[in-house]
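Q: Model the following, please.
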Amino acid sequence: VIKIDAFGRISAVAGGVANLGLLASAGGLTVSASVTVTVTDATRVRLVPVEDSYVQSTTASTNYGSSSGLLSKPTYGGSPDRIAYFKFDVSALAGKTVTSAVLSTSNQITDGPLDVARGDFHAVTGSWSESAVT
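A: Residues are numbered from 1 along each chain as shown. Predicted coordinates:
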């Protein structure tokens, strides 16, 4: 469930429960303690986008890869559709079985009177680059 290296660093290696015993001695005095450690997810990996961009329906040949923000929204009141793209490097997951995943993003609604936005996430096959996608 856990491993301890030569420097005393503790790492999770599998889900489960382990009892961790601690022993310290100095100046002829020895103290000990124990604690139960529960590992629920030993392989949690945080993935951040390595590339991102968006496309807009009214400017189909324009690349927005260097923009400081990503615009994403459906048509509203005649305004253009905008679709955001995120590329993640998932090589850290090679050979592993992923049983669940959570994708979180920080968003701000800045266009129109809407106060709720919906995001749909889909896998993309093939390669793309934030500096070339249109």
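Q: So in that sheet, which strands flank the least confident helix or strand in the chain by mean pLDDT, and in what orientation?
A: The weakest-scoring helix or strand in the chain, judged by mean pLDDT, DSSP states H and E, is strand 10-12 (a mean of 81). Its sheet considered, strand 10-12 pairs with strand 2-4 (antiparallel) by DSSP bridges.
Q: For the strand it pairs with, give the mean pLDDT please.
A: Mean pLDDT, strand 2-4: 87.
Q: please begin residue numbering at 797 from this point
A: Okay, using 797 as the starting number, the last item reads as strand 798-800.
Q: In contact with the residue nearest the centre of the chain, which residues?
A: By Cα atoms, centre = their mean, the chain has its centre lying nearest to L843, at 3.6 Å. Listed by Cβ atoms under 8 Å, 6 or more residues apart in numbering, the contact partners of L843 are 884-886, 888. Bear in mind the C-beta positions are built from the backbone N, C-alpha and C, glycine included.
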